[in-house]
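1. Give me a model of this one.
(one chain, ligands or ions: 2)
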Amino acid sequence: MTGLPFPSVRDHPATPQGLVGLPDQFGRVARDLRVSVTDRCNLRCRYCMPAEGLPWLAKPEMLTDDELVRIVAVFVGLGVQQVRLTGGEPLLRRSLVDVVGRIAALRPRPRIAMTTNGVGLDRLAAPLAQAGLDRVNVSLDTIDPQEFADLTRRDRLHDVESGLKAAAAAGLTPVKVNAVAMRGINDHSVAELLQWCLDRDYELRFIEQMPLDAQHGWDASTMISAGEVRTRLEEHFTLTPLPAADRGSAPAERFLVNGGPQTVGIIASVTAPFCAACDRTRLTADGQVRNCLFSRVETDLRGPLRDGASDEDLAALIQGEMWRKARGHGIGTEDFVQPDRPMSAIGG
Ligand code: SAM
Ligand code: SF4
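-> Ligands and ions are numbered 1, 2, ... in the order given. Purely as a prediction, here's the structure:
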């Protein structure tokens with residue numbers, strides 16, 4: 001340690017000395033790092049951001065490639081085994097292929113995944129796979145063009161379909177599709193989306209809408225719950241739950257569809273939170289470490305890094321942030337307060 005007076009070290013006075021890896025006070029260990037490589041986006045999904053977009057980060061506020069890769073390397077040194085690139089829309093970062101290549105060159109090499117809306121993936125899937133990307137999750141909430149345009153406020157369904165095809169062709173398999181069902185928009189077409197994914201061998205996972213939209217418009221009473229999605233799917237398919245033991249820290253409850261082998265996942269992030277098994281940690285595009293999507297605090301790494309912090313200094317800051325991770329997100333309790341940063345700025 002250099003002993004530089006970083007304010008965030010003083011924020012974590014209770015962090016024990018001599019920690020190894022990224023444990024928290026409740027015994028969980030973070031091994032899955034989500035990196036937001038940009039907060040910008042080319043879609044405007046209703047559950048995420050307003051029609052006019054958001055005040056994006058200015059370039060000097062964002063981590064440079066060198067800074068980003070250096071911080072990821074510190075995380076890998078702390079035991080991170082999987083790095084997921086997200087955003088905002090990660091494909092909008094021009095240097096993305098290079099960043100993937102540099103993360104793939106780290107040792108031990110982490111698995112590298114990406115969550116994307118798929119726009120532009122037709123062009124980038126092959127170079128990304130070549131650079132070392134292992135897996136991709138493409139967000140697609142409906143295959144009805146009108147519903148897609150209504151939900152994302154952009155007419156880009158065709159680009160997403162081409163992106164998915166390119167991902168499969170590039171070997172980024174199994175290609176996963178993430179969907180959020182919104183009442184009155186796409187909730188009636190969830191079975192249609194599943195059939196479409198089964199026909200193409202994409203693995204579909206539904207996720208409950210969470211209170212992370214920039215507009216603070218989330219409403220528990222209108223949210224489509226995991227139970228409701230399951231009921232709607234069961235009107236058309238036989239779903240057989242896979243044993244919970246197969247899940248590990250993965251949040252999705254998985255079901256064999258019509259006896260298998262294809263599956264569908266349903267993530268009850270709000271109604272049955274998986275906080276007790278959470279192994280995630282997050283880095284924002286402006287260099288803040290967050291121990292949870294719903295955390296209302298974060299630890300700045302960019303300032304210390306630009307002020308000359310060593311890798312050991314950065315590691316200690318990350319460990320302090322993770323140690324104070326709360327037991328659960330508390331959505332639905334009186335104490336819950338939605339974080340100021342929206343999902344697109346945290347990295348979903
Ligand atoms: N732009 C990329 C995309 O859409 O895949 C990556 C960032 S996006 C924030 C990551 C994931 O978060 C997407 O699958 C998206 O559907 C999901 N998401 C965004 N807002 C959400 C919300 N309020 N509740 C649940 N999921 C949300
Ligand atoms: Fe963009 Fe992804 Fe948010 Fe949709 S969910 S607006 S694609 S960041």
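2. Could you list the residues of the stretch 201-348 of the chain in contact with ligand 1?
-> Proximity of the stretch 201-348 of the chain to ligand 1 is confined to 207, 209-210, 212-213, 343-344, 348 under the rule CB under 6 Å from any ligand atom. Backbone N, C-alpha and C define where each C-beta goes, glycine included.
3. Among the residues you listed, which lie within strands?
-> Ile207 (DSSP state E).
4. quick one: which two of the residues of the stretch 201-348 of the chain next to ligand 1 are the most distant?
-> Within those, two members stand farthest from each other by CB to CB: Ile207 and Ser344, at 15.1 Å.
5. more neighbours, those two?
-> Remark: of Ile207 and Ser344, Ser344 carries more neighbours, 28 against 22, as counted by other CB atoms under 10 Å.
6. Identify the residues contacting that one.
-> If a contact means CB atoms under 8 Å, 6 or more residues apart in numbering, then Ser344 has 39, 41, 48-49, 54, 87-88, 214 as its contacts.
7. thinking again about what came up before, just the buried ones from the residues of the stretch 201-348 of the chain next to ligand 1, in ChimeraX syntax?
-> Applying 16 or more other CB atoms under 10 Å to those, the buried members can be selected in ChimeraX as follows:
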select :207,209,210,212,213,343,344,348
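8. out of the contacts of Ser344, who's near ligand 2?
-> 41, 48-49, 87-88.
9. Now intersect the residues you listed with the strands, please.
-> Gly87.
10. wait, what's in contact with Ala181?
-> Going by CB under 8 Å, 6+ apart, Ala181 touches 141, 187, 190, 206, 209, 224, 228-229.
11. In CSV, list the contacts of Ser344 along with distance to Ile318, neighbour count and pLDDT.
-> Below are the contacts of Ser344 laid out as CSV (distance: CB to CB, whole Å; neighbours: other CB atoms under 10 Å; pLDDT from 0 to 100):
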residue, distance to Ile318, neighbour count, pLDDT
Asp39, 21, 25, 96
Cys41, 26, 23, 97
Cys48, 27, 23, 93
Met49, 28, 22, 92
Leu54, 26, 18, 92
Gly87, 20, 28, 94
Gly88, 22, 28, 95
Ala214, 26, 17, 80
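12. Farthest-apart pair in the residues you listed, please.
-> Largest separation among these by CB to CB: Gly87 and Ala214, giving 13.7 Å.
13. Could you check how many residues crowd around the nearest residue to Arg153 once chain neighbours are set aside?
-> Leaving aside its sequence neighbours, Arg153 sits nearest to Arg44 (CB to CB, 6 or more residues apart in numbering; 4.0 Å). Applying other CB under 10 Å, we find 17 residues neighbouring Arg44.
14. Next: Asp201.
-> When counting by other CB under 10 Å, one arrives at 11 neighbours for Asp201.
15. Gln146 now?
-> Neighbour count for Gln146, taken as other CB under 10 Å: 10.
16. Got phi/psi on the residue in the stretch 151-300 of the chain positioned nearest to ligand 2?
-> Going by CB to the nearest ligand atom, ligand 2 is nearest to Thr152 of the stretch 151-300 of the chain, at 6.2 Å. Backbone geometry at Thr152, expressed as degrees, to the nearest 10, gives phi -100, psi -10.
17. name the element the nearest residue to Gly260 once chain neighbours are set aside belongs to?
-> With sequence-adjacent residues excluded and distances taken as CB to CB, 6+ apart, Gly260 is closest to Thr240, at 7.4 Å. Here Thr240 sits within strand 239-241, counting by DSSP states H and E.
18. the strands in the stretch 1-150 of the chain, which residues?
-> Applying DSSP state E, counting those that start in this stretch to the stretch 1-150 of the chain gives strands spanning 32-38, 82-87, 111-116, 135-139.
19. Could you point out which of those sits nearest Thr284?
-> Taking those one by one with CB to CB, strand 32-38 is closest: 5.1 Å.
20. still on that earlier bit, any chance of the strands of the stretch 1-150 of the chain in TSV, with distance to Arg327 too?
-> Below are those laid out as TSV (distance: least, CB to CB, whole Å):
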stretch	distance to Arg327
strand 32-38	18
strand 82-87	23
strand 111-116	26
strand 135-139	27
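21. interface residues of the stretch 101-250 of the chain facing ligand 2?
-> So far as CB under 6 Å from any ligand atom goes, the stretch 101-250 of the chain lies against ligand 2 at 117, 139.
22. At which residues are the helices of the stretch 101-250 of the chain located?
-> Applying DSSP state H, counting those that start in this stretch to the stretch 101-250 of the chain gives helices spanning 121-131, 145-152, 157-169, 190-200, 226-234.
23. Perfect, I'm done here.
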